[in-house]
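Q: sharing a model prediction with you, sequence too.
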Amino acid sequence: MILRFIKDNLGVTVGAILTAIALDAFLVPAKIAAGGLSGVATILYHLLNLPVGLMMLIMNVPLFIWSFFRLGSRYSVNSIYGTVALSVFIDLFAPYIPLLTEDLLLACLYGGVLMGLGLGLVFRFNGTTGGTELLAAILRTYVGINIGQLLFIIDGLVVIWAGYVFRSAELAMYALIAIFLTAWLIDLVIDGFSSDKAFIIITRKADAISQAIIKELDRSATAWKARGMYSGEEQEVMISVVGRAEATRLKEIVKNEDPRAFIILANVHEVLGEGFKELEKAD
């Protein structure tokens, strides 16, 4: 448990540092308010010269109190470290990070990518940074809308406000690009970078196909009995996961053994178990 606690907090710390750099080096100087409390803090910084990290922390305090009563103490406590770390790093790094680019597109792209990597690490290691994610979780208990839709609405309102304050539709459009990049990278970091392939095979010759998979690919498969609802015939459904380089060969194996087989092929982000990535043991 102690090792897991240290690992999680180290991951959250690294993620908070990357997110802070994204804001200080790219998004805040470019006036790109990419949604969330960081977007609100970016607007306040340029309007009133208020520190971004401090403003984010101040805005999070009422959210923590609200979530404590609405969601319980566990949700609030799990959010505190990541929130405080991010706020501290933003204001700590700000005086020392030089302006790296004045190009809005570069600022948008690099800021969105770095923020996505940073927040993805925070979430992957069981942390959060509070903000609109916490607000969306609270509001969900009142309105019944899922968190993804609420986040989209909240971030959209922040972007519209930023476009109005900065008198620039262009900045609002860049902010939307940054939001989409951030969301995409968060999912990529959380789900993993694996490009393995999962085969679902409906066949009458499961034994022959499985033996060929074991012999030629050194992989395995799992099968179970099924009945076709149109034909009424008994068949077997097989599932086998292979690396990207082995996918073409597995298609050939199925075609050679049962040309009438039905194949569903899907990309999988992460595979845990023998022959792939090992399952993490509890500390």
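A: Sure thing, it's come through.

Q: poorly predicted segments of the stretch 101-250 of the chain, please.
A: 144, 146-148, 191-195 (pLDDT under 70).

Q: and the helices in it, which stretches?
A: For the stretch 101-250 of the chain, the helices defined by DSSP state H, counting those that start in this stretch occupy 104-124, 131-143, 147-165, 169-191, 206-212, 247-257.

Q: with distance to Asp91 as added columns, please give those in TSV.
A: (Each C-beta comes from the backbone N, C-alpha and C, glycine too.) Shown next, in TSV, are the helices of the stretch 101-250 of the chain (distance: least, CB to CB, whole Å):
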stretch	distance to Asp91
helix 104-124	16
helix 131-143	16
helix 147-165	20
helix 169-191	21
helix 206-212	59
helix 247-257	49
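
Q: and Ser79, how far from Ile32?
A: When CB to CB, to the nearest Å is the yardstick, Ser79 and Ile32 sit 25 Å from each other.

Q: let me see the contact set for Ile190.
A: By CB atoms under 8 Å, 6 or more residues apart in numbering, the contact list for Ile190 reads 120, 123-124.

Q: nearest to Leu171, of those residues?
A: Of all these, Gly120 has the smallest distance to Leu171: 24.7 Å, by CB to CB.

Q: what's the burial count for the residue lying closest to the closest one once chain neighbours are set aside?
A: Nearest residue to Gly120, sequence neighbours excluded (CB to CB, 6 or more residues apart in numbering): Val189, at 2.7 Å. Using other CB atoms under 10 Å, Val189 has 19 neighbouring residues.

Q: next: Leu3.
A: Counted with other CB under 10 Å, the neighbours of Leu3 add up to 9.

Q: any idea how far Gly11 is from Leu3?
A: Where Gly11 is concerned, Leu3 sits at a distance of 13 Å (CB to CB).

Q: if you could redo that for Arg140, that was the one I meant.
A: Arg140 is 26 Å from Gly11, by CB to CB.

Q: same question for Leu181.
A: Separation of Leu181 from Gly11 (CB to CB) stands at 21 Å.

Q: please apply the same query to Val122.
A: Taken as CB to CB, the span from Val122 to Gly11 is 7 Å.

Q: more neighbours, those two?
A: Using other CB under 10 Å as the criterion, Val122 and Gly11 rank with Val122 on top: 29 against 18.
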